[in-house]
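K.L.:
This is the structure alone, sequence omitted:
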(Lines give C-alpha, C1' and ligand atoms only; values in the text may rest on other atoms or scores of the structure.)
Protein backbone atom coordinates (compact mmCIF):
# COMPACT_ATOMS: atom_id res chain seq x y z
CA UNK A 1 0.00 0.00 0.00
CA UNK A 2 1.24 3.43 -0.87
CA UNK A 3 1.51 6.83 0.83
CA UNK A 4 -2.17 7.56 0.17
CA UNK A 5 -3.36 4.78 2.39
CA UNK A 6 -0.81 5.70 5.04
CA UNK A 7 -2.12 9.25 5.11
CA UNK A 8 -5.64 7.85 5.37
CA UNK A 9 -4.66 5.84 8.43
CA UNK A 10 -3.07 8.86 10.08
CA UNK A 11 -6.11 10.98 9.28
CA UNK A 12 -8.45 8.37 10.78
CA UNK A 13 -6.28 8.20 13.90
CA UNK A 14 -6.59 11.97 14.33
CA UNK A 15 -10.40 11.71 13.99
CA UNK A 16 -10.49 9.07 16.71
CA UNK A 17 -8.16 10.90 19.07
CA UNK A 18 -10.89 12.29 21.32
CA UNK A 19 -12.64 9.04 22.10
CA UNK A 20 -10.07 6.27 22.14
CA UNK A 21 -7.99 4.37 24.62
CA UNK A 22 -4.86 3.09 22.88
CA UNK A 23 -3.34 0.04 24.51
CA UNK A 24 0.11 0.75 23.07
CA UNK A 25 2.00 3.74 21.71
CA UNK A 26 2.19 4.27 17.97
CA UNK A 27 5.25 5.80 16.36
CA UNK A 28 5.46 7.13 12.84
CA UNK A 29 8.77 6.59 11.11
CA UNK A 30 8.84 8.88 8.13
CA UNK A 31 12.08 7.40 6.79
CA UNK A 32 10.73 3.87 6.78
CA UNK A 33 7.22 4.91 5.74
CA UNK A 34 5.64 2.77 8.44
CA UNK A 35 3.98 2.83 11.80
CA UNK A 36 5.04 0.61 14.67
CA UNK A 37 2.82 -0.07 17.68
CA UNK A 38 5.97 -0.35 19.80
CA UNK A 39 9.30 1.44 19.74
CA UNK A 40 10.51 -1.33 17.49
CA UNK A 41 12.87 0.55 15.19
CA UNK A 42 16.01 0.14 17.26
CA UNK A 43 16.02 3.82 18.20
CA UNK A 44 15.72 5.43 21.60
CA UNK A 45 13.61 8.46 22.51
CA UNK A 46 16.42 10.81 21.44
CA UNK A 47 16.23 9.58 17.89
CA UNK A 48 19.32 7.34 17.73
CA UNK A 49 19.97 3.65 18.20
CA UNK A 50 22.23 4.11 21.16
CA UNK A 51 25.40 3.29 19.20
CA UNK A 52 26.23 6.71 17.80
CA UNK A 53 27.97 9.49 19.58
CA UNK A 54 26.40 12.23 17.56
CA UNK A 55 23.91 12.14 14.72
CA UNK A 56 21.45 9.46 13.75
CA UNK A 57 22.79 6.19 12.40
CA UNK A 58 20.98 4.18 9.77
CA UNK A 59 18.66 1.54 11.17
CA UNK A 60 19.96 -2.03 10.91
CA UNK A 61 18.36 -3.97 8.09
CA UNK A 62 17.70 -7.64 7.49
CA UNK A 63 20.70 -7.55 5.12
CA UNK A 64 22.92 -6.39 8.00
CA UNK A 65 21.67 -9.31 10.12
CA UNK A 66 22.39 -11.77 7.33
CA UNK A 67 25.92 -10.39 6.92
CA UNK A 68 26.61 -10.54 10.66
CA UNK A 69 25.36 -14.14 10.91
CA UNK A 70 27.01 -15.13 7.62
CA UNK A 71 23.76 -16.49 6.17
CA UNK A 72 21.38 -15.55 3.38
CA UNK A 73 18.60 -13.00 3.79
CA UNK A 74 16.00 -15.74 3.25
CA UNK A 75 17.47 -17.72 6.15
CA UNK A 76 17.14 -14.70 8.44
CA UNK A 77 13.52 -14.30 7.32
CA UNK A 78 12.75 -17.96 8.05
CA UNK A 79 14.24 -17.70 11.54
CA UNK A 80 12.39 -14.49 12.40
CA UNK A 81 9.04 -15.55 10.98
CA UNK A 82 9.40 -19.26 11.86
CA UNK A 83 8.31 -20.19 8.32
CA UNK A 84 10.83 -22.98 7.74
CA UNK A 85 13.02 -25.27 9.83
CA UNK A 86 16.57 -23.93 10.14
CA UNK A 87 19.56 -25.74 11.58
CA UNK A 88 19.63 -24.93 15.35
CA UNK A 89 23.22 -23.62 15.27
CA UNK A 90 22.41 -21.38 12.30
CA UNK A 91 19.21 -20.15 13.95
CA UNK A 92 21.19 -19.32 17.10
CA UNK A 93 23.68 -17.24 15.08
CA UNK A 94 20.81 -15.34 13.48
CA UNK A 95 19.15 -14.62 16.84
CA UNK A 96 22.44 -13.44 18.30
CA UNK A 97 22.98 -11.14 15.31
CA UNK A 98 19.48 -9.75 15.72
CA UNK A 99 20.19 -9.04 19.38
CA UNK A 100 23.62 -7.52 18.77
CA UNK A 101 22.31 -5.19 16.07
CA UNK A 102 19.10 -4.44 18.00
CA UNK A 103 17.25 -5.29 14.82
CA UNK A 104 13.44 -5.04 14.90
CA UNK A 105 11.13 -5.91 12.06
CA UNK A 106 8.75 -3.18 11.01
CA UNK A 107 5.61 -5.09 11.82
CA UNK A 108 3.25 -2.44 10.51
CA UNK A 109 4.98 -2.10 7.17
CA UNK A 110 4.97 -5.87 6.76
CA UNK A 111 1.28 -6.04 7.61
CA UNK A 112 0.43 -3.32 5.09
CA UNK A 113 1.82 -5.51 2.33
CA UNK A 114 -0.44 -8.37 3.42
CA UNK A 115 -3.55 -6.12 3.61
CA UNK A 116 -3.52 -6.51 7.39
CA UNK A 117 -2.82 -4.05 10.19
CA UNK A 118 -3.15 -6.56 13.05
CA UNK A 119 -5.52 -4.05 14.62
CA UNK A 120 -9.03 -4.73 15.92
CA UNK A 121 -11.55 -2.00 16.71
CA UNK A 122 -13.99 -2.31 19.62
CA UNK A 123 -16.85 0.19 19.99
CA UNK A 124 -18.90 0.24 23.21
CA UNK A 125 -21.49 2.56 24.70
CA UNK A 126 -19.70 3.22 27.99
CA UNK A 127 -16.06 2.29 28.41
CA UNK A 128 -16.04 3.39 32.07
CA UNK A 129 -19.32 1.79 33.10
CA UNK A 130 -19.74 -1.21 35.38
CA UNK A 131 -20.47 -3.75 32.63
CA UNK A 132 -17.95 -3.37 29.80
CA UNK A 133 -14.55 -3.45 31.59
CA UNK A 134 -14.78 -7.23 32.06
CA UNK A 135 -15.87 -7.72 28.44
CA UNK A 136 -13.13 -5.48 27.06
CA UNK A 137 -10.45 -7.07 29.23
CA UNK A 138 -11.24 -10.50 27.80
CA UNK A 139 -11.36 -9.21 24.21
CA UNK A 140 -7.97 -7.54 24.65
CA UNK A 141 -6.48 -10.64 26.27
CA UNK A 142 -7.54 -12.93 23.43
CA UNK A 143 -6.63 -10.41 20.74
CA UNK A 144 -3.15 -9.82 22.15
CA UNK A 145 -2.61 -13.57 22.47
CA UNK A 146 -3.31 -13.86 18.75
CA UNK A 147 -1.02 -11.00 17.78
CA UNK A 148 -3.57 -8.19 17.51
CA UNK A 149 -3.70 -4.79 19.16
CA UNK A 150 -7.09 -3.43 20.23
CA UNK A 151 -8.31 0.12 19.69
CA UNK A 152 -11.26 1.08 21.89
CA UNK A 153 -13.93 3.63 21.01
CA UNK A 154 -16.34 4.99 23.61
CA UNK A 155 -19.49 6.22 21.88
CA UNK A 156 -21.14 7.40 25.09
CA UNK A 157 -24.35 5.75 23.78
CA UNK A 158 -24.46 8.54 21.17
CA UNK A 159 -25.29 7.07 17.76
CA UNK A 160 -23.63 9.99 15.96
CA UNK A 161 -20.34 9.42 17.79
CA UNK A 162 -20.73 5.70 17.19
CA UNK A 163 -21.06 6.24 13.44
CA UNK A 164 -17.99 8.49 13.44
CA UNK A 165 -15.99 5.94 15.43
CA UNK A 166 -16.86 3.02 13.16
CA UNK A 167 -16.11 5.11 10.09
CA UNK A 168 -12.72 6.20 11.43
CA UNK A 169 -11.83 2.62 12.35
CA UNK A 170 -12.72 1.52 8.83
CA UNK A 171 -10.55 4.29 7.37
CA UNK A 172 -7.66 3.21 9.59
CA UNK A 173 -7.93 -0.26 8.01
CA UNK A 174 -8.52 -2.34 11.12
CA UNK A 175 -8.83 -6.05 10.40
CA UNK A 176 -12.19 -6.34 12.15
CA UNK A 177 -14.66 -4.56 14.42
CA UNK A 178 -16.71 -5.58 17.48
CA UNK A 179 -19.62 -3.21 18.02
CA UNK A 180 -22.04 -2.81 20.91
CA UNK A 181 -24.48 -0.40 19.31
CA UNK A 182 -26.69 2.32 20.74
CA UNK A 183 -28.93 2.45 17.66
CA UNK A 184 -32.67 2.56 18.36
CA UNK A 185 -34.58 -0.67 17.76
CA UNK A 186 -36.71 0.77 14.95
CA UNK A 187 -33.55 1.91 13.09
CA UNK A 188 -31.66 -1.39 13.17
CA UNK A 189 -32.39 -2.46 9.60
CA UNK A 190 -31.36 0.85 8.07
CA UNK A 191 -28.25 1.03 10.25
CA UNK A 192 -27.23 -2.54 9.37
CA UNK A 193 -27.36 -1.68 5.65
CA UNK A 194 -25.26 1.43 6.31
CA UNK A 195 -22.63 -0.55 8.23
CA UNK A 196 -22.47 -3.27 5.58
CA UNK A 197 -21.90 -0.70 2.84
CA UNK A 198 -19.30 1.20 4.86
CA UNK A 199 -17.25 -1.87 5.77
CA UNK A 200 -17.30 -3.21 2.22
CA UNK A 201 -16.21 0.04 0.56
CA UNK A 202 -12.43 -0.30 0.90
CA UNK A 203 -9.87 -2.60 -0.65
CA UNK A 204 -10.94 -5.36 1.71
CA UNK A 205 -14.21 -6.18 3.47
CA UNK A 206 -13.89 -5.59 7.20
CA UNK A 207 -15.62 -8.27 9.32
CA UNK A 208 -18.11 -7.01 11.91
CA UNK A 209 -19.46 -8.73 15.02
CA UNK A 210 -22.37 -7.14 16.85
CA UNK A 211 -22.08 -7.68 20.59
CA UNK A 212 -25.14 -7.92 22.91
CA UNK A 213 -27.73 -7.18 20.22
CA UNK A 214 -29.08 -9.45 17.50
CA UNK A 215 -28.46 -8.23 13.94
CA UNK A 216 -28.50 -11.63 12.23
CA UNK A 217 -31.79 -10.80 10.50
CA UNK A 218 -29.80 -8.17 8.57
CA UNK A 219 -26.85 -10.42 7.70
CA UNK A 220 -24.48 -9.42 10.51
CA UNK A 221 -22.82 -11.84 12.94
CA UNK A 222 -24.11 -11.40 16.48
CA UNK A 223 -23.11 -12.57 19.94
CA UNK A 224 -26.19 -11.84 22.01
CA UNK A 225 -27.22 -11.68 25.63
CA UNK A 226 -30.68 -13.20 26.04
CA UNK A 227 -32.24 -10.16 27.63
CA UNK A 228 -35.78 -11.42 27.05
CA UNK A 229 -35.29 -14.66 29.00
CA UNK A 230 -33.36 -12.77 31.64
CA UNK A 231 -36.18 -10.26 31.92
CA UNK A 232 -38.69 -13.07 32.35
CA UNK A 233 -36.62 -14.47 35.23
CA UNK A 234 -36.48 -11.08 36.93
CA UNK A 235 -40.19 -10.42 36.57
CA UNK A 236 -41.27 -13.96 37.54
CA UNK A 237 -39.14 -13.58 40.67
CA UNK A 238 -40.94 -10.37 41.68
CA UNK A 239 -44.39 -11.83 41.02
CA UNK A 240 -43.58 -15.01 42.95
CA UNK A 241 -42.68 -12.81 45.92
CA UNK A 242 -46.15 -11.23 45.76
CA UNK A 243 -45.44 -8.04 43.81
CA UNK A 244 -48.36 -6.79 41.72
CA UNK A 245 -47.53 -3.08 41.31
CA UNK A 246 -44.27 -3.31 39.40
CA UNK A 247 -42.48 -0.37 37.82
CA UNK A 248 -39.92 -0.73 35.03
CA UNK A 249 -36.97 1.52 34.22
CA UNK A 250 -35.94 0.82 30.63
CA UNK A 251 -33.82 2.39 27.90
CA UNK A 252 -34.67 3.23 24.27
CA UNK A 253 -32.77 0.34 22.71
CA UNK A 254 -33.27 -2.64 25.02
CA UNK A 255 -37.01 -2.77 24.46
CA UNK A 256 -36.63 -5.81 22.23
CA UNK A 257 -35.71 -7.86 25.35
CA UNK A 258 -36.21 -6.63 28.88
CA UNK A 259 -39.19 -4.39 28.19
CA UNK A 260 -41.06 -7.10 26.28
CA UNK A 261 -40.33 -9.53 29.12
CA UNK A 262 -41.88 -7.02 31.51
CA UNK A 263 -45.01 -6.82 29.38
CA UNK A 264 -45.17 -10.60 28.90
CA UNK A 265 -45.14 -11.40 32.62
CA UNK A 266 -47.72 -8.72 33.43
CA UNK A 267 -50.03 -10.24 30.83
CA UNK A 268 -49.36 -13.81 32.01
CA UNK A 269 -50.47 -12.97 35.56
CA UNK A 270 -53.24 -10.63 34.43
CA UNK A 271 -51.60 -7.61 36.02
CA UNK A 272 -52.78 -4.47 34.21
CA UNK A 273 -50.10 -2.64 32.23
CA UNK A 274 -49.95 1.06 33.02
CA UNK A 275 -47.70 3.37 31.07
CA UNK A 276 -47.19 5.49 34.19
CA UNK A 277 -45.15 2.69 35.70
CA UNK A 278 -42.53 2.83 32.93
CA UNK A 279 -39.76 5.40 32.63
CA UNK A 280 -36.83 5.52 30.19
CA UNK A 281 -33.27 6.06 31.40
CA UNK A 282 -29.87 5.97 29.70
CA UNK A 283 -28.00 3.29 31.70
CA UNK A 284 -26.48 5.77 34.19
CA UNK A 285 -27.22 5.84 37.90
CA UNK A 286 -28.29 9.48 37.54
CA UNK A 287 -31.00 8.49 35.09
CA UNK A 288 -32.09 5.65 37.37
CA UNK A 289 -32.50 8.13 40.21
CA UNK A 290 -34.41 10.56 37.99
CA UNK A 291 -36.72 7.87 36.62
CA UNK A 292 -37.48 6.51 40.08
CA UNK A 293 -38.23 10.01 41.39
CA UNK A 294 -40.63 10.53 38.47
CA UNK A 295 -42.46 7.26 39.20
CA UNK A 296 -42.71 8.09 42.90
CA UNK A 297 -44.07 11.56 42.13
CA UNK A 298 -47.16 9.95 40.56
CA UNK A 299 -48.19 8.55 43.97
CA UNK A 300 -48.93 5.13 42.48
CA UNK A 301 -49.10 1.94 44.54
CA UNK A 302 -45.65 0.35 44.25
CA UNK A 303 -44.18 -2.88 45.58
CA UNK A 304 -41.63 -3.88 42.94
CA UNK A 305 -39.16 -2.36 40.46
CA UNK A 306 -37.42 -4.09 37.57
CA UNK A 307 -34.48 -2.00 36.32
CA UNK A 308 -32.83 -2.70 32.96
CA UNK A 309 -29.31 -2.51 34.34
CA UNK A 310 -27.60 -2.41 37.71
CA UNK A 311 -26.13 1.03 37.25
CA UNK A 312 -29.60 2.57 36.96
CA UNK A 313 -30.74 0.36 39.84
CA UNK A 314 -28.17 2.10 42.07
CA UNK A 315 -29.91 5.42 41.40
CA UNK A 316 -33.36 3.89 41.79
CA UNK A 317 -32.48 2.48 45.21
CA UNK A 318 -31.14 5.89 46.30
CA UNK A 319 -34.40 7.59 45.27
CA UNK A 320 -36.50 4.99 47.10
CA UNK A 321 -34.48 5.39 50.28
CA UNK A 322 -34.73 9.16 50.00
CA UNK A 323 -38.52 8.76 49.83
CA UNK A 324 -38.48 6.70 53.02
CA UNK A 325 -39.18 3.37 51.31
CA UNK A 326 -37.75 0.25 52.92
CA UNK A 327 -36.11 -2.29 50.62
CA UNK A 328 -37.32 -5.01 50.35
CA UNK A 329 -40.05 -4.62 52.97
CA UNK A 330 -41.93 -1.87 51.07
CA UNK A 331 -40.48 -2.19 47.57
CA UNK A 332 -38.48 -5.05 46.05
CA UNK A 333 -35.83 -4.04 43.49
CA UNK A 334 -34.04 -6.17 40.90
CA UNK A 335 -31.46 -5.11 38.35
CA UNK A 336 -29.80 -6.68 35.32
CA UNK A 337 -26.14 -7.61 34.44
CA UNK A 338 -24.94 -8.54 37.97
CA UNK A 339 -21.96 -6.21 38.18
CA UNK A 340 -19.60 -6.18 41.15
CA UNK A 341 -21.35 -3.35 42.98
CA UNK A 342 -24.45 -5.52 43.53
CA UNK A 343 -22.77 -7.30 46.44
CA UNK A 344 -21.59 -4.17 48.23
CA UNK A 345 -24.84 -2.19 48.04
CA UNK A 346 -27.07 -1.86 51.07
CA UNK A 347 -29.17 -3.88 50.72
CA UNK A 348 -27.29 -6.12 48.27
CA UNK A 349 -28.94 -6.02 44.85
CA UNK A 350 -30.69 -8.97 43.21
CA UNK A 351 -29.85 -9.13 39.52
CA UNK A 352 -29.75 -11.23 36.37
CA UNK A 353 -26.22 -12.49 35.90
CA UNK A 354 -24.58 -12.09 32.48
CA UNK A 355 -21.25 -13.85 32.02
CA UNK A 356 -19.28 -10.85 30.79
CA UNK A 357 -16.03 -12.75 30.33
CA UNK A 358 -17.79 -15.33 28.16
CA UNK A 359 -19.42 -12.55 26.13
CA UNK A 360 -15.99 -11.11 25.40
CA UNK A 361 -14.53 -14.52 24.60
CA UNK A 362 -17.25 -15.46 22.13
CA UNK A 363 -17.17 -12.05 20.42
CA UNK A 364 -13.42 -11.99 19.80
CA UNK A 365 -13.34 -15.69 18.87
CA UNK A 366 -15.97 -15.20 16.17
CA UNK A 367 -14.24 -12.08 14.84
CA UNK A 368 -10.87 -13.85 14.63
CA UNK A 369 -12.54 -16.71 12.75
CA UNK A 370 -13.92 -14.22 10.23
CA UNK A 371 -10.59 -12.44 9.86
CA UNK A 372 -8.84 -15.74 9.26
CA UNK A 373 -11.46 -16.80 6.72
CA UNK A 374 -12.69 -19.83 8.62
CA UNK A 375 -15.81 -21.44 7.20
CA UNK A 376 -18.46 -20.28 9.67
CA UNK A 377 -22.06 -19.90 8.52
CA UNK A 378 -23.04 -16.32 7.75
CA UNK A 379 -24.63 -14.70 9.59
CA UNK A 380 -23.70 -16.54 12.76
CA UNK A 381 -25.56 -16.09 16.04
CA UNK A 382 -24.72 -17.31 19.50
CA UNK A 383 -26.41 -16.43 22.78
CA UNK A 384 -24.76 -16.06 26.19
CA UNK A 385 -27.11 -17.53 28.77
CA UNK A 386 -28.04 -15.84 32.05
CA UNK A 387 -29.09 -16.75 35.56
CA UNK A 388 -31.02 -15.19 38.42
CA UNK A 389 -29.01 -14.08 41.45
CA UNK A 390 -31.19 -13.41 44.48
CA UNK A 391 -29.93 -11.01 47.12
CA UNK A 392 -31.45 -8.87 49.86
CA UNK A 393 -33.08 -6.20 47.68
CA UNK A 394 -35.85 -8.68 46.85
CA UNK A 395 -35.54 -11.27 49.61
CA UNK A 396 -34.24 -10.31 53.04
CA UNK A 397 -33.73 -14.00 53.87
CA UNK A 398 -31.51 -14.69 50.85
CA UNK A 399 -28.06 -16.08 51.56
CA UNK A 400 -25.11 -13.98 50.47
CA UNK A 401 -24.57 -14.53 46.75
CA UNK A 402 -21.34 -14.03 44.86
CA UNK A 403 -21.21 -14.55 41.13
CA UNK A 404 -19.48 -11.58 39.56
CA UNK A 405 -16.23 -11.88 37.64
CA UNK A 406 -13.27 -11.54 40.03
CA UNK A 407 -10.80 -11.81 37.14
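P.N.:
It's in. None of the values given here were measured: they were computed from a predicted structure. Numbers count the residues shown, from 1 in each chain.
K.L.:
quick one: residue 211 is in a helix?
P.N.:
No. Counting by DSSP: H, G, I helix; E, B strand; the rest coil, residue 211 falls outside a helix, being strand.
K.L.:
Contacts only, for it.
P.N.:
The contact partners of residue 211, by CB atoms under 8 Å, 6 or more residues apart in numbering, come to 124, 135, 178, 179, 180, 222, 223, 359, 363. Backbone N, C-alpha and C define where each C-beta goes, glycine included.
K.L.:
In helices, which of those residues fall?
P.N.:
135, 359, 363 (DSSP state H).
K.L.:
Surely the second one touches residue 135?
P.N.:
Same thing as residue 359. Yes. Contact criterion CB atoms under 8 Å: residue 359 and residue 135 qualify, at 5.4 Å.
K.L.:
Burial check on residue 187, number of neighbours?
P.N.:
13 (other CB atoms under 10 Å).
K.L.:
Go ahead and report the secondary structure state at it.
P.N.:
Quick answer, by three-state DSSP: residue 187 is helix.
K.L.:
Look up how far residue 124 lies from it.
P.N.:
Applying CB to CB, to the nearest Å, the value for residue 187 to residue 124 is 19 Å.
K.L.:
before we move on, what about residue 67?
P.N.:
49 Å.
K.L.:
which one of those two has more residues nearby?
P.N.:
residue 124 (28 against 14).
K.L.:
Who are the contact partners of the more buried one?
P.N.:
Going by CB under 8 Å, 6+ apart, the list of residues near residue 124 reads 132, 135, 136, 152, 153, 154, 155, 180, 211.
K.L.:
Looking at strand pairing, list the partners for it.
P.N.:
When assigned by DSSP bridges, residue 124 has beta-bridge partners residue 154.
K.L.:
quick thing: my sequence starts at 31, can you match it?
P.N.:
Renumbered: residue one is now 31, and that last one reads residue 154.
K.L.:
which ones are touching the residue located most distally from the centre of the chain?
P.N.:
Largest separation from the mean C-alpha position in the chain: residue 100, at 47.5 Å (CA atoms, centre = their mean). Going by CB under 8 Å, 6+ apart, residue 100 touches residue 123.
K.L.:
For it, give me the backbone phi and psi.
P.N.:
phi 60, psi 50 (degrees, to the nearest 10).
K.L.:
And it, how far from residue 211?
P.N.:
56 Å.
K.L.:
quick one: buried residues of stretch 173-192?
P.N.:
By 16 or more other CB atoms under 10 Å, the buried positions in stretch 173-192 come out as 173, 178-187, 189, 191-192.
K.L.:
Now residue 382. Nearest residue, chain neighbours left out?
P.N.:
Leaving aside its chain neighbours, residue 382 sits nearest to residue 260 (4.1 Å; criterion: CB to CB, 6 or more residues apart in numbering).
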